[in-house]
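K.L.:
Fold the following, please.
(chains A and B)
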Protein chains: 2
Amino acid sequence: MREMEPPYYAVVFSSRRTEGDNDYAETAARMDELAATMPGYLGIESARGADGFGITVSYWESEEAIANWKKHAEHLIAQRRGRGEYYSDYQVRVAKVERAYAMKRGQD
Amino acid sequence: MREMEPPYYAVVFSSRRTEGDNDYAETAARMDELAATMPGYLGIESARGADGFGITVSYWESEEAIANWKKHAEHLIAQRRGRGEYYSDYQVRVAKVERAYAMKRGQD
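P.N.:
Predicted coordinates:
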């Protein structure tokens, strides 16, 4: 992920997967790839447990960058499949990152 | 999770687990339980994949509530174990949630 100095924006996407694949992995990988080409994209992080609950956080320079990504034509199709097939429920939260710190083993 | 109307705060904790257990599950469960007793706590969501990368997002009414939780005595001990044993690296981001929306199957 690119070096990021707050303030910047985070989109927190919490979701529960439906049963069945429905090309989910393929679509998700394609969306990660596509997001990375968008102006103002800073990075993305994802985790999903064996219970089907997952959190993806994407990071953006501005609210405008988020709005642009949300309305990208191919992303709109994926969002529709998300609502119809991939997820039983999800929550989206748009948040302004005000401060950040990190630990890497060996530093502290 | 309690009904939440933005603005409120999110702490996004992204981490990679070390090998070995070191009572991690027990400590994590205890911290979830303890956080829920703190003033200003709104909720918590967690996901960790088989690769050891996980994201936990906790939600709070205010920055003050986050600061209080960060300095709770038992949480300080867990944080120290986090740096020393549980995680190979982590990032913490404190963000102000500005808007939120949700989908539940059957609605849209």
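
K.L.:
what comes into contact with the biggest helix by length in chain A?
P.N.:
Secondary structure of chain A per DSSP state H: the longest helix is helix A:24-35. Outside of helix A:24-35, the residues within contact range by Cβ atoms under 8 Å, 6 or more residues apart in numbering or on different chains are A:17, A:41, A:44, A:46, A:58, A:69, A:72, A:74-75, A:78, A:81, A:85-86. Every residue, glycine included, has its C-beta placed from N, CA and C.

K.L.:
Pull out the buried residues from that helix.
P.N.:
Neighbour-count burial for helix A:24-35 flags A:Y24, A:T27, A:A28, A:M31, A:A35 (criterion: 16 or more other Cβ atoms under 10 Å in any protein chain shown).

K.L.:
Spatially, which two of those residues are the most separated?
P.N.:
In terms of Cβ to Cβ, the buried residues of helix A:24-35 reach their longest pairwise distance at A:Y24 and A:A35, which sit 16.1 Å apart.

K.L.:
In chain A, which residue sits closest to chain B?
P.N.:
Going by Cβ to the nearest Cβ, chain B is nearest to A:A95 of chain A, at 3.6 Å.

K.L.:
Model confidence at that residue, what's the number?
P.N.:
pLDDT, the model's per-residue confidence, is 98 for A:A95.

K.L.:
And for A:P39?
P.N.:
98.

K.L.:
Am I right that it sits in a strand?
P.N.:
No: with DSSP: H, G, I helix; E, B strand; the rest coil as the criterion, A:P39 is assigned coil and is not in a strand.

K.L.:
Can you check which strand is longest in chain A?
P.N.:
In chain A, with assignment by DSSP state E, the single longest strand is strand A:87-104.

K.L.:
which helices and strands does that strand pack with?
P.N.:
With contacts taken as 3 or more Cβ pairs under 8 Å, 6 or more residues apart in numbering or on different chains; DSSP states H and E, strand A:87-104 sits against strand A:8-17, strand B:8-17, strand B:87-104.

K.L.:
Flag every buried residue along it.
P.N.:
Neighbour counts over strand A:87-104 (16+ other Cβ under 10 Å) mark A:Y87, A:D89, A:Y90, A:Q91, A:V92, A:R93, A:V94, A:A95, A:K96, A:V97, A:A100, A:M103 as buried.

K.L.:
try stretch A:6-18
P.N.:
Quick answer for stretch A:6-18 (16+ other Cβ under 10 Å): A:Y8, A:Y9, A:A10, A:V11, A:V12, A:F13, A:S14, A:S15, A:R16, A:R17, A:T18.
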